[in-house]
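Return atomic coordinates for the entry below.
(one chain, ligands or ions: 1)
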Amino acid sequence: MPLLPRALELVMTELGKLPGIGRRSAERMAFALLIAGSERCDALEKAVERLSEEVGVCPECGFFTDGGVCPIDSDPLRDRSLLCVVEDAMDVVAFERAGGYRGLYQVLGGMLSPLKGVSPEDLRIAHLFDRLERSDSRIEEVILATSPSVEGDATAVYLAREMASLNVRLTRLGRGLPMGGSLEHADGGTLRMAFEGRRAMG
Ligand SMILES: [Zn+2]
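Take a look at the predicted model:
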């Protein structure tokens, strides 16, 4: 017979699927919930339920939103001549936390990877081009801020090639970011420096 009750194992299994949560952490969290009682469990259950029900994707940039266009795209003070292309919504959070950048974003929703079967159609690339080619577009510079990894570089090179005929300046983040690492783990100072040190592409 297993040592722990089935329901406890189930919660631990689900928690253990989250990034950075090992078996021991999942165990501690599940035990804490159990000890905290039904009120705490209900609150967590409701919060998680609202996550899938209420959080949507911005029709403009692909970042998270409570509905409609996200706060970044709705902000009249953002610089609409700059568009920063990132892999996922967590990268937007990392850049916003680092501060300094006042332009707009485009979230791709992943990186190109022939090995994992991710092709351009799987990413929000068509949307990116719609945005750039729109008649009211004021975008002058596209910053390709995919992570410094094989897939991130391949994605940036692909986008640069596709954008070559467009009338925009293409830049890539400067050095200093840990190779192979994801942007969300870089500290604010490193991100700001990579931004300031961005270089022309293509
Ligand atoms: Zn948006």
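
Determine the longest helix present in the chain.
Longest helix in the chain, counting residues (DSSP state H): helix 38-54.

The chain: helices as residue ranges?
Under DSSP H, the chain gives helices at 6-16, 23-36, 38-54, 71-74, 89-98, 125-133, 150-163, 188-196.

wait, which of these is closest to Val107?
Nearest to Val107, of all the helices of the chain, is helix 89-98, at 5.6 Å by Cβ to Cβ. C-beta: built from backbone N, CA, C; applies to glycine.

Name the nearest residue to Glu60, ignoring sequence neighbours.
Nearest residue to Glu60 in three dimensions, chain neighbours excluded: Asp73, at 4.4 Å (Cβ to Cβ, 6 or more residues apart in numbering).

hang on, the one you found packs against Cys58?
Yes. With contact defined as Cβ atoms under 8 Å, Asp73 and Cys58 form a contacting pair (6.2 Å).

Could you measure from Asp130 over to Leu191?
28 Å (Cβ to Cβ, to the nearest Å).

now Tyr101
Counting by Cβ to Cβ - Tyr101 and Leu191 are separated by 9 Å.

So which bits of stretch 9-24 are buried?
Val11, Met12, Leu15, Gly16, Ile21 (16 or more other Cβ atoms under 10 Å).

From one end of it to the other, what's the distance?
12 Å (Cα to Cα, to the nearest Å).

Please give the centre-to-centre distance between it and its chain.
22 Å (Cα atoms, centre = their mean, to the nearest Å).

what about the residue nearest to Glu60, how many neighbours?
Asp73 has 17 neighbours, counted by other Cβ atoms under 10 Å.

before we move on, back to that, let's see the longest helix of the chain as PDB, backbone CA atoms only.
The C-alpha coordinates for helix 38-54 follow below in PDB (Å, rounded to 0.1, in the frame of the first residue of the first chain):
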ATOM      1  CA  SER A  38     -10.300  23.800   3.400                       C
ATOM      2  CA  GLU A  39     -10.400  27.700   3.400                       C
ATOM      3  CA  ARG A  40      -6.900  28.000   2.000                       C
ATOM      4  CA  CYS A  41      -7.500  25.100  -0.500                       C
ATOM      5  CA  ASP A  42     -10.700  26.800  -1.700                       C
ATOM      6  CA  ALA A  43      -9.000  30.100  -2.200                       C
ATOM      7  CA  LEU A  44      -6.200  28.500  -4.200                       C
ATOM      8  CA  GLU A  45      -8.700  26.500  -6.300                       C
ATOM      9  CA  LYS A  46     -10.700  29.700  -7.100                       C
ATOM     10  CA  ALA A  47      -7.600  31.600  -8.000                       C
ATOM     11  CA  VAL A  48      -6.400  28.900 -10.400                       C
ATOM     12  CA  GLU A  49      -9.800  28.700 -11.900                       C
ATOM     13  CA  ARG A  50      -9.900  32.400 -12.600                       C
ATOM     14  CA  LEU A  51      -6.500  32.100 -14.300                       C
ATOM     15  CA  SER A  52      -7.900  30.000 -17.200                       C
ATOM     16  CA  GLU A  53     -11.200  31.800 -17.300                       C
ATOM     17  CA  GLU A  54     -10.100  35.400 -17.100                       C
END
